[in-house]
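Peer 1: Let's see this in three dimensions:
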Amino acid sequence: MDSTIAIVGAGVGGLATAALAHDAGHRVTLFERFETPRPLGSGLVIQPVGLAVLDAIGAGAQARAMGQPITHMLGHEVSGREVLNVAYRSAAPGLALHRSALFQTLWDQCLARAIPVITSSTVDSAPLRADKREITLTDGRRFGPFDLVVDTSGAASRLSPLTARALPFGAVWGTVPWPDGCDFAPDQLRQCYRAARNMVGVLPLGQRPGLPGRHAAVFWSLPVTQLADWANTDMSAWRAQATDLWPRIAPFLTTLTQSADLTPARYSHGTLRRPYAPALAFVGDSAHRASPQLGQGANMALLDAMALVTALRMEHPLHAYAAMRRWHVRSYQAMSAVFTPMYQSDSTLLPRLRNHLLAPFAPLPGIRHLLTRLVSGDMLPPLAGQVFPQQPPTKA
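Peer 2: Presented below is the predicted three-dimensional model:
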């Protein structure tokens with residue numbers, strides 16, 4: 001039997017949940033705090049498991065047409081020593097996209113399904129009334145009742161009880177045109193490090209909606225104590241610092257002339273032990289947060305969306321949803337906690353372990369295969385107890 005579902009937030013997880021739930025026969029309403037739904041951020045990588053969800057929604061072909069396949073993730077020390085080399089399976093690369101391109105593909109799918117969207121609506125609370133929930137906005141408007149409210153509003157959520165630990169390092173991200181004559185391979189994410197104190201990188205992105213040519217994301221890691229003052233950065237001095245770290249990145253920096261050209265990003269780490277309450281489910285960053293070092297954030301939201309809508313067919317749907325995602329989420333949270341300080345920290349020991357222990361063993365067949373599965377998102381079954389990839393749940 002179909003149900004009424006309110007989805008809070010029109011980001012990756014919200015739009016994916018809306019499309020999948022609609023296709024499964026549920027009546028969906030999206031709530032978005034902006035007047036016009038829009039993406040936030042720069043570039044990201046959709047891993048093969050995330051692409052399987054996009055395919056189930058019908059958004060995979062458009063995403064691939066906009067994005068750039070990524071076959072390798074490479075990183076080296078300022079000395080030139082290679083300390084990261086992870087390859088995807090040749091038949092299943094990652095897909096790098098600007099967030100606006102991913103948003104557009106998912107937004108188009110929701111528009112095609114005529115899913116109602118209530119904009120300029122900041123959700124303040126979702127009180128439980130009997131076995132249903134209402135939506136109360138900050139301006140006093142009320143909607144519902146709904147059989148289920150799905151919170152996909154991320155770190156800004158007013159509904160999620162998640163208390164996450166702030167990470168000591170963040171980054172600034174900017175989007176630039178792909179430079180003419182650049183000798184960088186367009187299918188590689190590249191990074192350069194000075195120990196773990198500094199990291200600069202380039203992620204090829206493919207196309208941006210409405211703009212010509214190919215683009216790339218440039219990112220620069222720095223302590224969060226310095227992020228607050230980023231607006232006062234001397235960009236000439238910063239470009240010189242980044243180029244001193246990695247001279248080959250210079251062509252990517254020429255259009256970055258003011259601090260506003262790069263957006264600060266802060267990260268946190270935490271997981272809800274139980275990502276649901278009566279008639280309320282948490283998806284994506286509302287349920288779990290981690291460093292972007294493993295490139296899994298958007299994929300986790302897509303997998304949560306698929307798991308939740310799949311579980312709605314089951315006897316105890318929210319419990320089933322949590323069980324489906326529990327170990328996959330926890331394993332990636334653990335790996336993120338282990339690997340992130342090796343690449344973003346003030347530690348002197350951890351970068352040495354990375355350089356002299358992890359890097360030499362990474363090319364060995366067993367380790368190489370494990371790292372491929374790690375970045376591909378299938379180190380553990382993404383939806384425990386379910387065949388994956390799968391077709392979307394269909395109407396009864």
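Peer 1: CA atoms only: put stretch 372-383 into CSV for me.
Peer 2: Below are the C-alpha coordinates for stretch 372-383, written out as CSV (Å, rounded to 0.1, in the frame of the first residue of the first chain):
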residue,chain,number,x,y,z
THR,A,372,39.9,-0.8,-5.5
ARG,A,373,36.9,-2.2,-3.7
LEU,A,374,37.3,0.5,-1.0
VAL,A,375,37.1,3.4,-3.4
SER,A,376,34.5,1.7,-5.5
GLY,A,377,32.2,1.6,-2.5
ASP,A,378,31.7,-2.2,-2.4
MET,A,379,34.2,-3.2,0.3
LEU,A,380,31.1,-4.7,2.0
PRO,A,381,27.7,-5.3,0.5
PRO,A,382,26.1,-1.8,0.1
LEU,A,383,22.7,-3.1,1.1
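Peer 1: what kind of secondary structure is Thr136 in?
Peer 2: Taking DSSP: H, G, I helix; E, B strand; the rest coil as the rule, one finds Thr136 in the strand state.
Peer 1: which of the residues in the helix or strand of the chain with the lowest mean pLDDT are buried?
Peer 2: Ranked by mean pLDDT, DSSP states H and E, the weakest helix or strand in the chain is helix 359-361, scoring a mean of 90. Buried positions in helix 359-361, judged by neighbour count with 16 or more other CB atoms under 10 Å: Ala359. Backbone N, C-alpha and C define where each C-beta goes, glycine included.
Peer 1: Tell me which other helices or strands it touches.
Peer 2: Packed against helix 359-361 by the contact rule (3 or more CB pairs under 8 Å, 6 or more residues apart in numbering; DSSP states H and E) you find strand 82-87.
Peer 1: From the contact counts, what lies against the strand it packs on?
Peer 2: The contact analysis (3+ CB pairs under 8 Å, 6+ apart) places strand 82-87 against strand 72-77, helix 359-361, helix 365-376.
Peer 1: Just checking: what are the partner strands of that strand?
Peer 2: Sheet pairing here is set by DSSP bridges, and for strand 82-87 it gives strand 72-77 (antiparallel).
Peer 1: then the strand it pairs with to CSV, C-alphas only?
Peer 2: The C-alpha trace of strand 72-77 is given here as CSV (Å, rounded to 0.1, in the frame of the first residue of the first chain):
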residue,chain,number,x,y,z
HIS,A,72,42.9,6.4,-11.0
MET,A,73,43.5,8.4,-7.8
LEU,A,74,47.1,9.4,-7.6
GLY,A,75,49.1,11.3,-5.0
HIS,A,76,52.7,12.2,-4.4
GLU,A,77,54.9,14.0,-1.9
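Peer 1: Alright, I will stop here.
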